[in-house]
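Enquirer: 3D, please:
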Amino acid sequence: MAFAFKEHYNVEDLVAIVQKLRAPDGCPWDKVQTHQSIRNDFLEEAYEAVEAIDEQDAEHLREELGDVLLQVVFHTVLEMEQSRFTLNDVADDVSKKMILRHPHVFGQVVAETPEEVIKNWDAIKMQSKSQTTASEAMETVSKALPSLVRSKKLWKKAESGGAALPDTEAALHLTEQKWEVLKSCVQEQRTEEVSQCMGELLMAVAGLSRFLKTDCEESLYHACDAFIARFKCLEKDAEAKGVAIQNMRSEEIARLWNDATSTD
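Expert: The predicted model follows:
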């Protein structure tokens, strides 16, 4: 397959590049890839794009969006090889979806607020997917999502179905209930139930977060950064005392950890 080098390339050129990589005389690695073999690469590139967004670094974001686009093109080329669909088909589908789900822009529907837009979006989505119940809508929430993200979406679907928690007090009560159940499982050594109890507690926390106008995934993201920062402080304190953390007693580690936490 002949390839023309250019000073600047467009999306069609990217398709040609992937096709060249997949050709008999192409790259040994690219030729053997499948949807399944590069599935996790797609997730990784999407997360790296999100990290670039968090960094507010336009140059980095441009690079990472390119990597995400490459994943889209690569999966599309795999389908093109089977004559199932093309990149234009993908663009056509999503364009029609955007037009359909924005009748307040492309039609006569009125939506003055973001909340009205979301309400219309959800209703149109259910109709277009022939969903008649909230549980059917729940089943369409991707299982590949991080579980905290998925739980937030499920609570939202439950709310639209009329069966969500009514207020902050009820959400707090449910969270406290699930915490007490988990404690009982641990104290009574019902180890086979711990995983389920932990999941129900996290689900309750996700429900509570919606009333507190926070996002569990984002909150945990920042908590992870804080955890690293605290551990660095712990290491520095231990080093200043001339001891290795591995050789310290648990109560000493707890005291240093608390000291590091108090400096946040």
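
Enquirer: the helices in the stretch 101-250 of the chain, which residues?
Expert: Taking DSSP state H, counting those that start in this stretch to define them, one finds helices in the stretch 101-250 of the chain at 103-106, 114-128, 134-139, 147-160, 168-187, 191-211, 216-240, 250-262.

Enquirer: for the longest one, list every residue counted as buried.
Expert: Translated: helix 216-240. 216-217, 230, 233-234, 237-238 (16 or more other Cβ atoms under 10 Å). All C-beta atoms are positioned from the backbone trio N, CA, C, and that covers glycine.

Enquirer: how is this protein divided into domains?
Expert: 11-92, 219-262 (automatic domain parsing).

Enquirer: could you identify which of the ones you listed has the lowest mean pLDDT?
Expert: Mean pLDDT per stretch puts domain 219-262 lowest among the domains of the chain, at a mean of 81.

Enquirer: can you list contacts of stretch 27-46?
Expert: Residues outside stretch 27-46 that contact it (Cβ atoms under 8 Å, 6 or more residues apart in numbering): 18, 21-24, 64, 67-68, 70-71, 74-75, 78, 144.

Enquirer: okay if I get the residues you listed as CSV plus neighbour count, distance to Asn10 and secondary structure?
Expert: Listed next are these as CSV, based on neighbours: other Cβ atoms under 10 Å; distance: Cβ to Cβ, whole Å; DSSP: H, G, I helix; E, B strand; the rest coil:
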residue, neighbour count, distance to Asn10, secondary structure
Val18, 21, 13, helix
Leu21, 17, 17, helix
Arg22, 19, 19, helix
Ala23, 13, 20, coil
Pro24, 6, 25, coil
Glu64, 21, 19, helix
Asp67, 16, 17, helix
Val68, 17, 16, helix
Leu70, 16, 14, helix
Gln71, 17, 17, helix
Phe74, 20, 17, helix
His75, 18, 19, helix
Leu78, 16, 21, helix
Ala144, 9, 30, coil
